[in-house]
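Peer 1: Okay, sequence plus prediction incoming.
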Amino acid sequence: MAESTDLEQLMNSFKKFAIHGDTKATGKEMNGKNWAKLCKDCKIIDGKNVTGTDVDIVFTKTVVDDHHEEFQRALEELAPKRFKGQSKEEALTSVYKLIEGKEPTNIGVTKMAKTAAVDRLTDTTKYTGSHKERFDESGKGRGKGGREELVEETGYVGSYKNAGTYEEKTKAK
């Protein structure tokens, strides 16, 4: 079996794959999608000996809820299929080495388009009219204040610069 540091790296990789794409995940349970991603990203699925179907079948047999026993049991079942010429222990060690220190990859994820047209349309400094009022000088949105005319119940005219100074003037006398 693997050494304790190797086992820690294995469990660390398990946690990273377990929480991948799920904001509510604790890292102690893994769903079928993330299990398949772990097997694909770590190259346990080779397309010949181990396929996506094999990985799904092993997952449904072992259901990887507890991150120690069931995860290792699932790997023990896949190891001899992946490394056919090796003994069970050697195959398991080889599978551990494939997983240790790995993280989920984001290959194939759609990137945001950065074209001149997008830049031009989202540049708030070029906005005119009522749209210009919705953003401050830095380009940050003003929220509700930028969309609606907010009425202040202060008793002063909206553009009066010395609003709130009457009390100070009457106390000074």
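Peer 2: That came through, no problem.

Peer 1: drop to CA atoms for contacts and neighbour counts, all remaining ones
Peer 2: Noted.

Peer 1: in the chain, which helix or strand is least confident?
Peer 2: Ranked by mean pLDDT, DSSP states H and E, the weakest helix or strand in the chain is helix 144-147, scoring a mean of 68.

Peer 1: Next, count neighbours for Ala117.
Peer 2: Close neighbours of Ala117, defined as other Cα atoms under 10 Å, add up to 9.

Peer 1: Would you mind giving the secondary structure of it?
Peer 2: On the three-state scheme (DSSP: H, G, I helix; E, B strand; the rest coil), Ala117 is labelled helix.

Peer 1: next SSE after the least confident helix or strand of the chain?
Peer 2: helix 166-172 (DSSP states H and E).

Peer 1: buried ones in that next one?
Peer 2: Neighbour-count burial for helix 166-172, counted by 16 or more other Cα atoms under 10 Å, picks out no residue.

Peer 1: Can I get it in CSV, CA atoms only?
Peer 2: Provided in CSV are the C-alpha atoms of helix 166-172 (Å, rounded to 0.1, in the frame of the first residue of the first chain):
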residue,chain,number,x,y,z
TYR,A,166,-29.3,76.0,9.3
GLU,A,167,-28.9,74.4,12.7
GLU,A,168,-25.3,75.4,12.9
LYS,A,169,-26.0,79.0,12.0
THR,A,170,-28.8,79.4,14.6
LYS,A,171,-26.7,77.9,17.4
ALA,A,172,-23.7,80.1,16.7
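
Peer 1: Please determine how far Asn162 is located from Asn34.
Peer 2: 62 Å (Cα to Cα, to the nearest Å).

Peer 1: quick one, which of those two is more surrounded?
Peer 2: Neighbours of Asn162 and Asn34, each counted by other Cα under 10 Å, are more numerous for Asn34; the result is 20 against 8.

Peer 1: Assumed that one was part of a helix.
Peer 2: Yes: if the criterion is three-state DSSP, then Asn34 is within a helix.
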